[in-house]
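Student: Sharing a model prediction with you, sequence too.
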Amino acid sequence: MPIFDADLQELDRLRPPDEARRIIEGRLPRLSTERVPLLDAVGRILARDIVAPADHPPFPASTMDGFAVVAADPSPWREIIGSQPAGSMIETEVHDGEAIRIMTGAPIPAGADAVVPVESTSPAEDHVVIHQEDVRPGANIRPVGSDLRRGDLVLPAGSRLQPPHIGLIASLGIADIEVARKPRISIIATGDEVIDPGTQLEPGQIYDANRFSLATAVIDAGAEISWIGLAPDNREHLQSLIEQRMETDDIILTSGGVSMGDMDYIKAILFESPDVTVHFRKLYMKPGKPLNFATQGDTLIFGLPGNPVSSLVTFELFLRPAIGIMSGATEPDRPRVRVELTVPTTPSDRIEYQRGRVVVTNDGRLHASSTGAQQSSRLASFVGANALLVIPPRDRSYAAGEMVDALLLETPIPTSS
Ligand code: AMP
Ligand code: MG
């Protein structure tokens, strides 16, 4: 650990969030992988490219219910010589003057090269009259390999698997896939004043918000909670808890105990543990200034601020992308877009992440407004927010109509009313 004043000064330098992000990225281990059945794969990060093992569709298929015919045959009257359902293959061959009834998804019988939809015919028991003037060869037929060719790259490693991805993989005949294992994260909420919801408040106590917001954020970000609990402001207790979690977890999240108070032990525990390296502990941002980031081997420790908004904002900015990067995600970040401020905004002395609401206007512009008072204790202004508006410091206010960056926390973006 640094012992010289200059080292301490460097450790406590207010770091811009981008620099903090780079420091964290430089310390992230890559998670191992595991095989999971498709139904367990939603939200997971694909570990290997998926390549089409065969052409898809595997046979020329009808896209309509109708009649399989020879396109070049000019006569409207055709004799019905059979029926081709989906799921099997009849052996009858179609010639001029003939038609085979065919269902959507059924293979095209030999000899036929077009399907005339039922809607364009007058069918009778044993024959059909075609009303369509011109039957094009290939009409209403999905050719072999028209969706995917054998050997095509279907999904690159690093894709975050959503329902369409999962359906696509299943359609190739693949039943289980290799994904990054979920990182194991423990959450330790600290504070003598913090108690469990559902119990009686005594004077001076508050209910724990962070354990709940962070736990659900961890799950939402694709990680797994290995341990979660509330700990009093007792240095020995906290230290042994952290040491214990260090043995099994990929990431330890603590909330609280990183400010300047007498009982703020997390900062000191991390700083003074011989095997732990603290990389930074102050950020040039608001909220979230006292974020501590430390490592011991491959284990990451994030000492998040105690204020409920600060802990959740720092989670969004640093933890969510870290979980994605460790899992090999090619897009670990929330989308970042340019938005237009609708009200004048006073900047702070640090980069401020304001809880805001972004809407799409009738002419397709993105309008942003704040969700109200921005104190870092006020979770109420996070509810209803669908974005974090990035407001860099400067010596004059932002006027309505100015453009700033926004991290979108939710999609789709609602339209303005
Ligand atoms: P600290 O960083 O421990 O000084 O906490 C900063 C502020 O956040 C204090 O007002 C704490 O009471 C509050 N706080 C700390 N932990 C929690 C928690 N788990 N839930 C709600 N508020 C908290
Ligand atoms: Mg505290």
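Tutor: That came through, no problem. Ligands and ions are numbered 1, 2, ... in the order given.
Student: burial of the residue in the chain positioned nearest to ligand 1, as a residue count?
Tutor: Across the chain, no residue is closer to ligand 1 than G306, which sits at 2.3 Å (Cβ to the nearest ligand atom). Any C-beta I mention is one placed from the backbone N, CA and C, and that applies to glycine too. Residues within reach of G306, counting by other Cβ atoms under 10 Å, total 26.
Student: residue contacts, the nearest residue to it once chain neighbours are set aside?
Tutor: Here the nearest residue to G306 in space, its sequence neighbours aside, is G256; by Cβ to Cβ, 6 or more residues apart in numbering that works out to 3.1 Å. The neighbourhood of G256, defined by Cβ atoms under 8 Å, 6 or more residues apart in numbering, consists of 189-191, 194, 210, 264, 266, 304-306.
Student: where in this structure is pLDDT low?
Tutor: The model of the chain has pLDDT under 70 over residues 1-3.
Student: hmm, 80 instead?
Tutor: By pLDDT under 80, the weakly predicted segments of the chain are 1-3, 417.
Student: Contact residues of it facing ligand 2?
Tutor: If contacts are counted using Cβ under 5 Å from the ion, the residues of the chain sitting beside ligand 2 are 191, 256, 306.
Student: ok so, going back, let's verify the residue of the chain closest to ligand 1: helix, strand, or coil?
Tutor: Three-state call for G306 (DSSP: H, G, I helix; E, B strand; the rest coil): coil.
Student: What's the separation between it and R78?
Tutor: Here the criterion is Cβ to Cβ, to the nearest Å. By it, G306 lies 79 Å from R78.
Student: G384 sits in which helix or strand?
Tutor: Element membership for G384 (DSSP states H and E) is empty, with no helix or strand holding it.
Student: who's in contact with it?
Tutor: For G384, the contact set (Cβ under 8 Å, 6+ apart) comprises 357, 371.
Student: Mind doing that once more with 10 Å?
Tutor: 355-357, 371-372 (Cβ atoms under 10 Å, 6 or more residues apart in numbering).
Student: likewise F212?
Tutor: When contacts are counted by Cβ under 10 Å, 6+ apart, F212 touches 187, 189, 197, 228, 308.
Student: Repeat the analysis, applying 8 Å as the threshold.
Tutor: By Cβ under 8 Å, 6+ apart, the contact set of F212 is P197.
Student: That one - that's part of a helix, no?
Tutor: Yes - looking at F212 with three-state DSSP, it is inside a helix.
Student: I'd say the residue of the chain closest to ligand 1 and T190 touch.
Tutor: Yes - distance between G306 and T190: 7.3 Å, which falls inside the contact criterion (Cβ atoms under 8 Å).
Student: which neighbours do the two share?
Tutor: Between them, G306 and T190 share the neighbouring residues 255-257, with contact defined by Cβ under 8 Å, 6+ apart.
Student: Where does the residue nearest to D264 when sequence neighbours are not counted fall, secondary structure wise?
Tutor: Using Cβ to Cβ, 6+ apart and skipping residues adjacent in sequence, the residue nearest D264 is G257, 4.6 Å away. In this structure, G257 sits in neither a helix nor a strand according to DSSP H and E.
Student: Next up, the contacts around G257.
Tutor: Contacts for G257 were tallied using Cβ under 8 Å, 6+ apart; they are 190-191, 233, 238, 263-267, 303, 306.
Student: ok, those residues vs ligand 2, which is closest?
Tutor: G191 (3.9 Å; Cβ to the ion).
Student: Surely the closest one touches D233?
Tutor: Yes - contact between G191 and D233 holds when scored by Cβ under 8 Å: they sit 6.3 Å apart.
Student: At which residues are the strands of the stretch 201-350 of the chain located?
Tutor: If DSSP state E, counting those that start in this stretch is used as the criterion, the strands of the stretch 201-350 of the chain fall at 206-207, 224-231, 251-255, 277-280, 285-286, 292-296, 299-304, 336-341.
Student: and among those, the most buried is which?
Tutor: Scoring the strands of the stretch 201-350 of the chain by mean neighbour count under mean count of other Cβ atoms under 10 Å gives strand 251-255 as the most buried, with a mean of 28.
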